[in-house]
Structures are given as structure tokens and as C-alpha cells.
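Trainee: How does the following fold in three dimensions:
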Amino acid sequence: MTKEEQVFLKHLSDLQEAAWNRNIVTFSDFCGLNELNIFYSSRADFSSVKTVTSGGYDTAERQMIAFIPDALSYEWKFPILAVNIRPLNAKFADVLTHRDYLGSLMNLGVDRSRIGDIAVMDNSACVFCEEKLAGYLSTELTRVKHTSVDCTVSDPEEISYTPKTEEIGGTVASVRLDSLIALAFHMSRSAVIPLIEGGRTFINGRLSTSNGARLKEGDIISVRGQGRFCLGALEGTTKKGRQFVRLRRYVS
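Mentor: Residues are numbered from 1 along each chain as shown. Got it, this is the predicted structure:
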């Protein structure tokens, strides 16, 4: 385990201790896939309190961890708000990407750990962020790339966001991780293997370094540098014994 991973686990342990000793809910920052995998792999070390995760919407990739003591006597919610970003003049707006929005946020000097997913929609975006940061972003974020923007803050529950996906159908020799990644991203299996063995693939937020890991319907596979997809329906086999599958690849 690296020093950074040890520091991260020590921070989570401190949050657990604070929740237990003070009888309050404590929260981590937004965690990326690597950090969530470290947490899941060490979950037995955090059994003195209940733990749940959220990123502000279903299927969020970046998530906070909440540490909840058993004797809690008050209602609580994740300290997450949504900052809605829209162009002031849609007619003259650039076509903005996730990279454009993230770059503008980083230019404000914001720590990445305080920001969750950036949901890019047709002519707008929604940034899920720490509650304390929302007001600053809504005031200071006035331009993304060459486009002047307006920002408003809302509760994540008011956001109706379903990530855009495209359906991919095809056959694979078996429902293995390497075969499905190759199909999803139009890659050869030989090109996929270094991604898996190099620690860049996650199944439902947990690191997987096994090429032959078996998947089931509904599993979400994330490949750093490539994207993510969901395994949809398994639709029988061909005469040659290959499995026909349908995938939903996230495109925003």
C-alpha cells in the first residue's frame, strides 16, 4: 500500500472515530474510483458505524462516504448541491465538453476532491459539489471556454438527469471482462489486457485486475481513459456457442 493510500485510510478512520465518539454523521470528500476501491477493500475496518455512499444521483461515479453511528438521533442528508450551468446566449455558445467544464472549475482554484460528477447535457451542465462550495461556484464561474454562462444552485433531488447512453450489440465468446471491454470500445483483446492488468478497470466501483472476471446483467464497468458502460441483456447464444449481449455505453 502506498503512502497516499495509507493517508487516505487514516483519514477515513478519523472520520469513523469522530462519528462514533461524537454521535454525528461525518462525511468524506468526493472519492474517485481508486479511493472508493480502497474503501470497499477495507470496509471491514469500518464496521463500528454504518457507511453509505452517494454522489448526488444514481450511477454517480464520484461519491462521498457517510459514517453513521448506530445511536443517531437526528435526520441527515449528504451535503451535496447541484450547480446548474447554462450559456447566457445559447445561440452563440460553444459546444462544451466535460473537459471544458472541468478546466474552468480548476481555473477557479477549486480542489477536485470537493467536486463530484459533471453531468453534461445538450446545452448545459450540472456540477455536483460540496454544499459549502456551491455559492462560490455559482458566483465566480462566469465563463466556460469562450462562452459566458449563468449558474444557479439547486437540490440534487430537483435534478432530473439520466446519463446519455448508446446501445451496442454483439457476440462474445463468454461474458468475461476482457471480451466485454473489447466490444464496448471497439478494441482488440490484446489491447484490453494491459488496461485490466494495469489497474484501470473497475466493476461497480471496485478494482478488477482479472481478465476473466465474470459479469452479470446490470454491472457497470469503468475503464479509466476510455469511459464506462453497463452490461444489459444477455440474449442467448449463436450456433457457434457465442453469447449475444447488449451493452449501454455512457456518452456523457
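
Trainee: quick one: G169 is in a helix?
Mentor: No. Counting by DSSP: H, G, I helix; E, B strand; the rest coil, one finds G169 to be strand, located in no helix.

Trainee: list the buried ones in the biggest helix by length in the chain?
Mentor: Scanning the chain for the helix with the most residues, using DSSP state H, yields helix 3-22. By neighbour count on 16 or more other CB atoms under 10 Å, the buried set for helix 3-22 is F8, L9, L12, L15, Q16, A18, A19, W20. Backbone N, C-alpha and C define where each C-beta goes, glycine included.

Trainee: Over to stretch 20-39?
Mentor: So, applying 16+ other CB under 10 Å, buried residues of stretch 20-39: 20, 25-39.

Trainee: what does stretch 54-61 rub up against?
Mentor: 30, 32-33, 62-64, 66, 78, 80, 82, 116-117, 119, 128, 156, 159, 161, 163, 205, 220, 222, 228 (CB atoms under 8 Å, 6 or more residues apart in numbering).

Trainee: Check which residues of it are buried.
Mentor: Buried-residue list, stretch 54-61, by 16+ other CB under 10 Å: S54, G55, G56, Y57, A60, E61.

Trainee: cool, and stretch 58-74?
Mentor: A60, E61, R62, Q63, M64, I65, A66, F67, P69.

Trainee: Make sure the last one is actually in contact with A19.
Mentor: Yes. P69 is in contact with A19 according to CB atoms under 8 Å; the separation is 5.1 Å.

Trainee: Need the overlap of contacts for these two.
Mentor: V25, V49.

Trainee: Tell me where the longest strand sits in the protein.
Mentor: If you go by DSSP state E, the chain has its longest strand at strand 227-237.

Trainee: Quick one: mean pLDDT over that one.
Mentor: Across strand 227-237, pLDDT averages out at 88.

Trainee: Partner strands of it and their direction?
Mentor: Applying DSSP bridges to the sheet, strand 227-237 is found paired with strand 220-223 (antiparallel), strand 243-250 (antiparallel).

Trainee: Sort out for me which of the buried residues of stretch 58-74 are in strands.
Mentor: Counting by DSSP E, those contribute M64, I65, A66, F67 to strands.

Trainee: What is the nearest of the residues you listed to K240?
Mentor: Distances from K240 to those, taken as CB to CB, are shortest for I65 (45.6 Å).

Trainee: which residues touch the residue nearest to the closest one when sequence neighbours are not counted?
Mentor: Sequence neighbours aside, S28 is the residue nearest to I65 in space, at 4.2 Å (criterion: CB to CB, 6 or more residues apart in numbering). With contact set as CB under 8 Å, 6+ apart, S28 has these partners: H11, L12, L15, M64, I65, A66.

Trainee: The fifth one bridge partners, please.
Mentor: To tie it back to what came earlier, the one meant is I65. T53.

Trainee: now do T147
Mentor: Beta-bridge partners of T147, as defined by DSSP bridges: V144.

Trainee: List the residues that contact it.
Mentor: By CB under 8 Å, 6+ apart, the contact list for T147 reads P87, L88, F92, A93, D94, L96.

Trainee: among the residues you listed, which ones are buried?
Mentor: For these, buried by 16+ other CB under 10 Å: P87, A93, L96.
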